[in-house]
Structures are given as structure tokens and as C-alpha cells.
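Undergrad: Predicted model follows, preceded by the sequence.
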Amino acid sequence: MRLLVVNFAGDIRADYYRLSSGGSETYYAQKYSIESYAKLRQHAEEVADLVYITQEAYNEILPNGVRAIGCGFRRFEDIDPKKIIQLIEKYNPTHLVLFTVDENILNWAVEKKIPTITTFANAISIQSSSPLHRLVRRIKNHRIVSLLNQPNIEWVGSYGINSSRKLQKLGVKPEKIVPWDFLIDANPGNFSPKLLQADKQSWNLCYVGAICKNKGVGDLLKAVKVLKARGISVRLNLVGSDDSNFAKNIVIKLGLEDSVELLGFVPNHEVEPLMNSMDLVIVPSRHNYPEGFPLVIHHALRACTPIVASNHPMFKGYLQHHVNAMIFSEANVSALADCVEEVLTNADIYRRISAVSHATWHQLRLPVQWADLVNRWVSQSSSDHQWLAEHSLNGSKQVAKEKVYLHADYA
């Protein structure tokens, strides 16, 4: 078996050598991912990880025995589908794992009848800004679903229940869909529930993630402007790369230089302590951003800092307004500001939301982790095949888990 894992981003070569020399994780479960690739070698003659976004092109075997293939595309706009297919064909895999939704690779795998499993980290996008774009999106999604239902696409793993249910709604066979969980922590950590500090002169808000329009960053910055106009003093801390100056330009345009701090990259181990030191964590994603289920929510729940989130479809059923979060309509700046104002002026709501953070975190856990999904597939044993079937959307284990969640008591 020659197993190839295909990733959109996450420079495995750079990550491996940084971690080996004692460096910090730059994103959650980075060490876990690299170690998981190496463990797959017990089932395969060779394991390789191909990554689209890397600083340079490379093809080498790392000291842990995993082959690292970097495509050398520095930006999304640089990606050349033909070159990716050429690199895959050069490696000549017998089995394929797809982390990213890529119609070109799916089509290639189906044509070549390569046994394939997906472990999608993001949901398939269905939202578009215009009727024409929506039509194009529907046509593209129809093709992707048709490919995913082909016999050689043996399992369709998707991060989280909602993204998995979306695939089912689009037409993917539920017996093939296996929801998986990215979290590797056994418990929610040691942070304690928080109380609202009524005597504060200014409130600290936190955003962690991609700095772009569809993540709702522009909406959040405008909400800060609205809150200031209402006489509510807030300071927004933005964590994430702003290489395009998207946030910086809006901050200058709105005159928010004294109310917004662009923190840039923050090591993964510092994210939860930072969140715990904040008064609120904001997750303003617009519907057209293809969320799976953002790790920022898991981090915020572990930090016990109340969340103000949009009504993104991937959050539905998990985050409930006035119960374990404050929820506003996507892209509605005034509603976002209202939620922030309400929770920061109501000590009881703030206390209740913070108090159920760890209970919510536990309810979000799924029994299948990424390594479980892939290892049990590549083992090719009948018992592991049965285990995967039991954890599919139609499987007994998954049905039981969802029944428990639907009756969750946060009180």
C-alpha cells in the first residue's frame, strides 16, 4: 500500500522540524497530526502527505519515515490543479485520503478507481452571493456528491455532525458518512466559570481565526464602532494573520486605532489563556464561509469565556441563545452589537453562559477521531469495517450519540 494524504495547508516539513527542535504548535493538534501520519506506516509500505500551500516545492522523506510533498503554492490564487494531479500521479498512490474538498482529485480518483476516504475539515459551501453563483454552486455540488457516492470512495468522513448532515442533505449516502472529531483532549481543562466584573471601565473582546470578510471580521469591526457610539468602551483583540491588511484598512477607515489591537499569530498553547483573560469571544462567521465546526468555539468553551456567535448553520443545535452563547443573525452589525451589550450588562446571563461551558464542551465530543477513522480504514480488517459502519450516520453508535445530545441538560 502506498498511502497519500492530501491537505490544503499545513506545511508538514516545516512543522516537523520546528516541533522536533522544541518549537511550539502553530495550530491545534499539530503534533498529533504528524504522529498520526507516522503511525499509518504500520499498515502501508509508504505514507506521504501532499500539501498545496507551502513556501517552496519539495519532495523528501522526513526522519519519521513519512514522505513530505510540498506543492510550492504560496497563495490560494497560485494553485494549479494540473500540477497537483501530476504530483499525485508521480507518487502513484494505491490509496488516497482527502482532507480538502477538491473535485479535480475526486474525479481523478474515481477515474483511476483508487480506494479513497475523505476526512473533510470544512463543510461543502452552499451559500453564494448572487443567483448565478448559487446556480454554479449547485451544479458543482451535484458533481461532487455524485463522485462521493462512487464505490471507490469508500467512506466520507466529515468534521462534525452538522457538516455530515449537510452532506446527507446534499445527497451523499448516509451509510458512507462518518462524523469525526478533531479534538484530542480528554477533558475540558482547569479554567473555572467566570463572573461579570461590573466595575470594569472597558471590556475586552477576542477574535481568533482567519482575517477576512466571510469570517465576519468586517462586521465585528463595525460593531465595535457601534458600541463606542453607544458609550460602551470595548477593546477588540484580533488574533490571526492580516497579511492582506483587510482588518488594518477597516480599522483606519473607521477610526478604531485606539480600540483594536492586531495581535497577529499567537502560539496554540497561548490561545486559551488569552481567551480566559478576555470578557467575550466573538465568532461572527457569515453563512457563506464553509465552516466545519471552528476550533475557536472549543477553545472558548474550555476557557469558560462566553461566546457571541452568528447563526451560522454549522453552529445550529450546538450553540443556543441565552443558554450557552449569545446568537445574532449573520452580517447584522446592529444585532452583533446588541448581543455584546446585553451580555456585558446582565450579570446573570454572563454567569449562566460561562457556567455551562464545560458541559457544552463535553456534549460536543464525538467518538471518532481523525486517526481512528483513517487507521481503521487502512487496516482493511472486517472488524474495523464494522466499527466504521457502526459510527456512520446510519450506524447504531452515531444514532445513540445524537439521541443523548438532543436530550442534553445544561442546567
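TA: Done, it's in.

Undergrad: use CA for all of it now, contacts and neighbours both
TA: Noted.

Undergrad: Neighbours of Lys90, how many?
TA: Using other C-alpha atoms under 10 Å, Lys90 is surrounded by 9 other residues.

Undergrad: With Val378 as the reference, measure out to it.
TA: Taking C-alpha to C-alpha, to the nearest Å as the measure, Lys90 falls 21 Å from Val378.

Undergrad: what does Leu221 give?
TA: For Leu221, the distance to Val378 - C-alpha to C-alpha - is 46 Å.

Undergrad: Name the next helix or strand downstream of the strand or helix carrying Val5, please.
TA: Here Val5, judged by DSSP states H and E, is contained in strand 2-7. On the C-terminal side of strand 2-7, the nearest following helix or strand under DSSP H and E is helix 12-20.

Undergrad: Remind me what that next one packs against, helices and strands.
TA: helix 30-39 (3 or more C-alpha pairs under 8 Å, 6 or more residues apart in numbering; DSSP states H and E).

Undergrad: For the stretch 51-200 of the chain, which segments count as strands?
TA: All strands of the stretch 51-200 of the chain, identified by DSSP state E, counting those that start in this stretch, fall at 57-61, 67-73, 95-98, 116-120, 153-159, 177-180.

Undergrad: Of all these, which one comes closest to Glu390?
TA: strand 177-180 (9.1 Å; C-alpha to C-alpha).

Undergrad: List the strands paired with that closest one, with their directions.
TA: Sheet pairing of strand 177-180 (DSSP bridges) gives strand 153-159 (parallel).

Undergrad: Could you tell me the model confidence score at the closest residue to Asp181 other than its chain neighbours?
TA: Using C-alpha to C-alpha, 6 or more residues apart in numbering and skipping the chain neighbours, the partner closest in space to Asp181 is Gln369 (4.8 Å). Looking at Gln369, its pLDDT is 91.

Undergrad: wait, what's in contact with Gln369?
TA: Trp180, Asp181, Phe182, Leu183, Ile184 (C-alpha atoms under 8 Å, 6 or more residues apart in numbering).

Undergrad: before we move on, the earlier item: can the strands of the stretch 51-200 of the chain go into CSV with extra columns for mean pLDDT, distance to Phe328 and mean neighbour count?
TA: Formatted as CSV, these follow (pLDDT from 0 to 100; distance: least, C-alpha to C-alpha, whole Å; neighbours: other C-alpha atoms under 10 Å):
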stretch, mean pLDDT, distance to Phe328, mean neighbour count
strand 57-61, 97, 43, 14
strand 67-73, 96, 37, 22
strand 95-98, 97, 33, 22
strand 116-120, 95, 27, 25
strand 153-159, 95, 24, 24
strand 177-180, 95, 27, 27
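
Undergrad: Distance to Phe246 added to those strands, as a markdown table?
TA: Shown next, in a markdown table, are these (distance: least, C-alpha to C-alpha, whole Å):
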| stretch | distance to Phe246 |
| --- | --- |
| strand 57-61 | 28 |
| strand 67-73 | 21 |
| strand 95-98 | 30 |
| strand 116-120 | 27 |
| strand 153-159 | 28 |
| strand 177-180 | 33 |
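
Undergrad: To Ala9, which of those strands lies closest?
TA: Using C-alpha to C-alpha, the nearest of those to Ala9 is strand 67-73, at 9.6 Å.

Undergrad: Am I right that Leu227 falls within a helix?
TA: Yes - the assignment for Leu227 is a helix, going by DSSP: H, G, I helix; E, B strand; the rest coil.

Undergrad: thought it was touching Val234?
TA: Yes - assessed by C-alpha atoms under 8 Å, Leu227 is found in contact with Val234 at 7.4 Å.

Undergrad: Nearest residue to the middle of the protein?
TA: Centroid-nearest residue in the chain: Pro294, 4.1 Å away (criterion: C-alpha atoms, centre = their mean).

Undergrad: and that one, how far is that from Tyr28?
TA: For Pro294, the distance to Tyr28 - C-alpha to C-alpha - is 11 Å.

Undergrad: how many neighbours does Ile282 have?
TA: Residues within reach of Ile282, counting by other C-alpha under 10 Å, total 26.

Undergrad: and it, what pLDDT?
TA: 98.

Undergrad: Can you show me the helices along the stretch 251-400 of the chain?
TA: Secondary structure of the stretch 251-400 of the chain (DSSP state H, counting those that start in this stretch): helices at 268-276, 295-303, 333-344, 347-355, 357-363, 370-379, 382-390, 396-406.

Undergrad: The shortest one - contacts with which helices or strands?
TA: Right, the one you point to is helix 357-363. Secondary-structure packing of helix 357-363 (3+ C-alpha pairs under 8 Å, 6+ apart): helix 295-303.

Undergrad: Kindly format the C-alpha coordinates of the helix it packs on as CSV.
TA: Extracted in CSV, the C-alpha atoms of helix 295-303 (Å, rounded to 0.1, in the frame of the first residue of the first chain):
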residue,chain,number,x,y,z
LEU,A,295,-11.9,25.2,16.9
VAL,A,296,-12.2,28.7,18.3
ILE,A,297,-15.6,27.6,19.9
HIS,A,298,-14.0,24.6,21.6
HIS,A,299,-11.1,26.8,22.9
ALA,A,300,-13.6,29.4,24.2
LEU,A,301,-15.7,26.7,26.0
ARG,A,302,-12.5,25.3,27.6
ALA,A,303,-11.6,28.9,28.7
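
Undergrad: Could you name the helices and strands sitting against it?
TA: Applying 3+ C-alpha pairs under 8 Å, 6+ apart, we find helix 295-303 packed against helix 268-276, strand 280-283, strand 307-310, helix 357-363.

Undergrad: which residues sit against it?
TA: 188-189, 191-192, 208-209, 271-273, 275-276, 281, 283, 306-307, 357-358, 360-361.

Undergrad: If we use 7 Å, what do you get?
TA: Residues outside helix 295-303 that contact it (C-alpha atoms under 7 Å, 6 or more residues apart in numbering): 188-189, 191, 208, 272-273, 275-276, 281, 307, 357-358, 361.

Undergrad: how much space between the residue nearest to Asn375 when sequence neighbours are not counted and Tyr32?
TA: Ranked by C-alpha to C-alpha, 6+ apart and with sequence neighbours excluded, the top spatial neighbour of Asn375 is Leu40, at 6.4 Å. Separation of Leu40 from Tyr32 (C-alpha to C-alpha): 12 Å.
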